[in-house]
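J.: I need the structure of the sequence given here:
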Amino acid sequence: MSETKSDPDALKAHLAAAIDATTSLESLEAVRVHALGKNGAITQLLKTLGGMTPEQRQTEGPRINGLRAEIGAAIETRRAALDAQAIEARLA
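T.: Down below sits the predicted model:
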């Protein structure tokens, strides 16, 4: 798991699978906190930027920030789908 946390591509695949596997808003929130929370995996990656050389920061910064944006969008998309399912279930 530590390799996943330090590799943005592996982390993206891991988090995308976790988001897709959620079946409730509660489990989706747990994934969001794991990824984007104060001590989340992506937050930890962002903290590593301070120890990088300017050249590394120039390449890794946009990569990590892009990961944060992609995962945030995926979470919101899944949240909308779960909300729609909940509404359909109430109407059925």
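J.: buried residues in the helix or strand hosting residue 58?
T.: According to DSSP states H and E, residue 58 maps onto helix 54-91. For helix 54-91, a neighbour-count test (16 or more other CB atoms under 10 Å) marks 60, 64, 67-68, 71, 74-75, 78-79, 82 as buried. The C-beta positions use only the backbone N, C-alpha and C, and glycine is treated the same way.
J.: among those residues, which two are most distant?
T.: For the buried residues of helix 54-91, with distances taken as CB to CB, the pair at the greatest spread is 60 and 82 (32.2 Å).
J.: How many residues are close by residue 32?
T.: Using other CB atoms under 10 Å, the number of residues around residue 32 comes to 21.
J.: Next up, phi/psi of it, please.
T.: For residue 32, the backbone dihedrals (degrees, to the nearest 10) come out as phi -60, psi -50.
J.: where's it relative to residue 17, distance?
T.: Noted for residue 32: a distance of 15 Å to residue 17, by CB to CB, to the nearest Å.
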